[in-house]
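1. My questions concern the predicted model and sequence given below.
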Amino acid sequence: MLQNLPTRGLVVLICFFLAVTSTGRNADASEIADHPELEELFSRHGVEGAFVLLDVDNDRYHAVYRERIDKRRYPASTFKIANSLIALETGVVEDENKVIPYGGKPQPIKAWEQDMSMRDAIKISNVPVYQELARRVGFESYRLWLEKLGYGNLTPGNNIKRFWLDGPLAISPTEQVDFVTRLAEGRLAVSPRNQATVRDMLLMESGDQGKLFGKSGWSLAAKPQIGWWVGWVERDDGLYVFALTIDITSPEDADQRVELGKALLKALEIYH
């Protein structure tokens with residue numbers, strides 16, 4: 001779309017303008033198919049929540065509990081997607097394989113008690129490693145990059161280590177889908193190389209039925225606690241981007257995020 005613009009400066013200006021003023025697709029302007037028949041999957045897994053999926057090629061949304069898909073919630077560790085892009089773009093980490101210190105303090109999850117690369121850290125959702133990256137990035141850069149990425153309510157607050165876990169940063173399932181769609185298609189105001197790197201970091205499975213990319217999240221600060229699973233499926237016949245959010249009322253509920261998400265993808269004949 002921008003390839004015929006006459007000057008580099010104008011390209012940069014327009015890219016920035018689009019990133020700030022538009023989040024891309026608008027669910028209200030696209031067809032939304034409700035799926036009340038899939039509500040029983042939430043009941044079967046013992047959780048309440050919402051699910052939205054965008055069939056990108058056909059610009060068609062599919063929703064379960066549609067009344068909840070525009071409600072903003074803390075992104076928790078799904079923000080590691082944006083955080084990885086920001087860390088690479090700002091140069092606070094050389095690349096995704098550079099080892100980052102976790103700080104040496106005891107952690108609630110033993111696996112977090114080790115220095116590791118961003119590529120390894122995102123797989124186990126290592127909070128202290130990403131908190132170190134956040135310290136390096138700083139608030140000024142976050143304010144700029146949240147706007148450039150069009151991410152949720154654009155608000156980092158004043159706690160550099162917790163704003164995505166405890167708020168005030170918040171994002172809705174439909175906003176998650178929009179952000180992830182732009183990443184999957186390489187349309188963010190971020191270098192193509194860094195977008196490709198983060199996409200590769202999010203790959204979960206690959207097989208005959210396509211590739212599954214995703215990132216989970218869990219905020220303990222919210223009441224009820226918030227669980228997320230967001231990502232996309234790449235198939236030969238199209239791109240399908242999704243966001244699942246659930247209310248977590250017991251630790252066991254957290255285990256339902258990916259399991260329920262996969263059940264919904266299977267029921268919609270997207271991935272199984």
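-> Done, it's in. Numbers count the residues shown, from 1 in each chain.

2. residues of the helix or strand D120 falls within that come out buried?
-> For D120, the element it lies in under DSSP states H and E is helix 118-123. Using 16 or more other CB atoms under 10 Å as the test for burial, helix 118-123 gives 118-122. No exception for glycine: its C-beta is placed from N, CA and C like everyone else's.

3. Burial check on the closest residue to V180 other than its chain neighbours, number of neighbours?
-> Leaving out its chain neighbours, the residue that sits closest to V180 by CB to CB, 6 or more residues apart in numbering is V241, at 5.2 Å. Residues lying near V241 (other CB atoms under 10 Å) number 27.

4. any idea how far V241 lies from F51?
-> 12 Å (CB to CB, to the nearest Å).

5. Look at stretch 166-182 and report the distance between its end residues.
-> Across stretch 166-182, the terminal residues are separated by 25 Å (CA to CA, to the nearest Å).

6. Rounded mean pLDDT for that stretch, please.
-> Averaging pLDDT along stretch 166-182 yields 98.

7. How far away from the center of its chain is that stretch?
-> 7 Å (CA atoms, centre = their mean, to the nearest Å).

8. Show me the helices in the stretch 51-200 of the chain, by range?
-> 79-90, 118-123, 127-137, 139-149, 163-166, 173-184, 192-201 (DSSP state H, counting those that start in this stretch).

9. What lies in contact with the shortest one?
-> The reference is to helix 163-166. Here helix 163-166 makes contact (CB atoms under 8 Å, 6 or more residues apart in numbering) with 74-77, 79, 83, 127, 142, 155-157, 159, 169, 219-221.

10. So which of these wins on neighbours?
-> Within the contacts of helix 163-166, P75 tops the neighbour count with 31 neighbours, counted by other CB under 10 Å.

11. Please name the residues that touch that residue.
-> 152, 164, 169-171, 176, 217, 219, 228.

12. same thing but 7 Å
-> Residues near P75 by CB atoms under 7 Å, 6 or more residues apart in numbering: 152, 164, 169, 171, 217, 228.

13. what about the second one, neighbour count?
-> Counted with other CB under 10 Å, the neighbours of W164 add up to 31.

14. List the buried residues for stretch 248-263?
-> Using 16+ other CB under 10 Å as the test for burial, stretch 248-263 gives 248, 253-254, 256-258, 260-263.

15. what's the closest of the buried residues of helix 118-123 to V47?
-> I122 (24.1 Å; CB to CB).

16. isn't Y61 right next to F51, touching?
-> No: using CB atoms under 7 Å, Y61 is not in contact with F51; the gap is 10.6 Å.

17. Between the two ends of stretch 103-111, how far is it?
-> Terminal residues of stretch 103-111 are spaced 13 Å apart (CA to CA).

18. Contact partners for L183?
-> Taking CB under 7 Å, 6+ apart, we find L183 in contact with 81, 195, 198-199.
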